[in-house]
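**Q** Sequence plus predicted model, see below.
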Amino acid sequence: MSTAPTLTWEMTNLRNPALPNDPQSVLDTLALSVGDSSTWVVNAFAAGYIELAPAPGSATPNIRVLVAFGVDAAQITAPHNSNPNILYVGIAPDGGTLTNPLGAANPYGAARWSGYWKCSQIINTTAVDSCFVLCADEVVSFWFYDAAADEWRGAVVGAFIDPPEDSDGEGTPGRVYGMAVTGSNALNQTFWSSNSSFLSSAPSNSGSLTGCFNPPTPTVWQRLDRMVCTALTPPRMETAGGSHMSFPWFAFQESAPNNLIGVYRQMRIATDSRMRTVIQDSGGTDQSFHAAGKSTADSDALSFDNG
């Protein structure tokens with residue numbers, strides 16, 4: 001069985017960019033949001049990029065996450081393409097020395113690197129009015145809000161897939177390192193009804209993508225799909241007594257042989273809910289944090305569950 005430790009999620013307050021249509025202002029605000037968390041830090045920053053790392057004492061201290069704009073097209077992983085006004089994200093699970101995060105060469109030299117995928121709207125035309133971070137020791141997610149359309153975009157990055165056995169992952173405990181992005185498209189309100197929506201992979205230069213370093217061949221970046229859940233009529237995952245439930249689901253290789261990779265780690269299916277909903281127990285302890293397509297209307301949600 002997998003012996004990876006239990007994650008404890010936290011959600012930061014909303015922060016508002018001073019210039020909602022300026023990528024650098026949005027990136028600066030994201031850096032402040034990461035600083036609000038207790039489990040991730042801004043490890044390096046300069047014009048056009050920030051490098052994120054787990055806070056000191058992390059079980060996965062070597063993970064590095066780059067969030068950048070204006071990156072060289074050579075570093076963008078297909079099927080996404082280049083746009084100077086979109087934020088991109090990539091993961092280097094083994095760390096290494098950061099050289100040129102905006103250039104054509106691997107920013108970490110010989111170390112593993114996913115390449116970049118899109119994780120925001122086209123900022124100069126679609127505002128980022130606010131952002132926040134939802135993270136745990138080994139996983140960071142960040143979210144960007146367009147208030148006019150009530151739409152969210154973002155990414156989940158880190159060791160967020162739990163293999164069934166340690167031997168099915170990397171190291172002991174066994175881990176799978178990857179990222180899931182919305183692309184420049186908004187987080188769909190009904191993403192659980194489609195296996196080409198969020199937390200899966202759609203063959204589009206703007207759509208959702210999920211990928212990981214595949215443990216049997218850990219230098220290979222593998223696109224992933226997920227099991228489909230066609231949910232029933234709302235409120236679906238709430239009991240008559242008002243209890244909220246969430247359910248795990250599997251990720252598998254998008255291409256043959258389509259092997260299962262594992263279960264998304266303490267990230268579960270929930271409906272119906274809104275972005276930034278917090279589920280607490282009767283004692284007021286946070287149990288789950290929800291990421292959803294809207295702030296003003298109920299829709300499908302990704303539940304980040306404590307325990």
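**A** The structure has been received and is ready for your questions. Because the structure is a prediction, the values reported are computed rather than measured.
**Q** Could you use CA atoms for every contact and neighbour count after this?
**A** Noted.
**Q** where along the stretch 51-200 of the chain do the helices fall?
**A** Remark: helices of the stretch 51-200 of the chain are absent; assignment by DSSP state H, counting those that start in this stretch.
**Q** show me where it has strands.
**A** 64-68, 88-92, 117-118, 130-136, 139-146, 151-162, 176-181 (DSSP state E, counting those that start in this stretch).
**Q** Can you name the secondary structure element that comes next after the last one?
**A** Using DSSP states H and E, the helix or strand that directly follows strand 176-181 along the chain is strand 209-213.
**Q** Just want the angle from the next helix or strand along the chain from that next one to strand 209-213.
**A** Proceeding C-terminally, strand 209-213 gives way to strand 221-226 as the next helix or strand, assigned by DSSP H and E. Taking axes from the mean of the first three to the mean of the last three CA atoms, to 10 degrees, one finds strand 221-226 and strand 209-213 inclined to each other by 130 degrees.
**Q** if you skip the residues just before and after it, what's nearest to residue 159?
**A** residue 177 (4.4 Å; CA to CA, 6 or more residues apart in numbering).
**Q** show me what contacts the one you found?
**A** Going by CA atoms under 8 Å, 6 or more residues apart in numbering, residue 177 touches 93, 157-161, 212-213.
**Q** who wins for neighbours among the residues you listed?
**A** In terms of neighbours by other CA atoms under 10 Å, these top out with residue 158 at 28 neighbours.
**Q** Kindly state the pLDDT recorded for that residue?
**A** What the model reports for residue 158 is a pLDDT of 98.
**Q** Do I have it right that it meets residue 137?
**A** No. Using CA atoms under 8 Å, residue 158 is not in contact with residue 137; the gap is 9.3 Å.
**Q** And for residue 86, the neighbour number?
**A** Neighbour tally, residue 86, other CA under 10 Å: 22.
**Q** So it sits against residue 125, correct?
**A** No. Checked against CA under 8 Å, the pair residue 86 and residue 125 is beyond contact range at 10.2 Å.
**Q** re earlier: closest one to residue 9 among the strands of the stretch 51-200 of the chain?
**A** strand 130-136 (4.6 Å; CA to CA).
**Q** and the angle from that closest one to strand 139-146?
**A** Using the same axes, to 10 degrees: strand 130-136 against strand 139-146 is 160 degrees.
**Q** what's the angle between strand 130-136 and strand 151-162?
**A** Using the same axes, to 10 degrees: strand 130-136 against strand 151-162 is 10 degrees.
**Q** I'd like the average pLDDT over strand 130-136.
**A** pLDDT averaged over strand 130-136 gives 98.
**Q** Pull the CA coordinates from that strand and hand them back as CSV.
**A** Only the C-alpha atoms of strand 130-136 are listed here, as CSV (Å, rounded to 0.1, in the frame of the first residue of the first chain):
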residue,chain,number,x,y,z
SER,A,130,-8.2,38.4,-7.7
CYS,A,131,-6.3,35.2,-6.9
PHE,A,132,-5.6,32.8,-4.1
VAL,A,133,-3.6,29.7,-3.2
LEU,A,134,-4.9,26.4,-1.9
CYS,A,135,-2.0,24.1,-0.9
ALA,A,136,-0.5,21.5,1.3
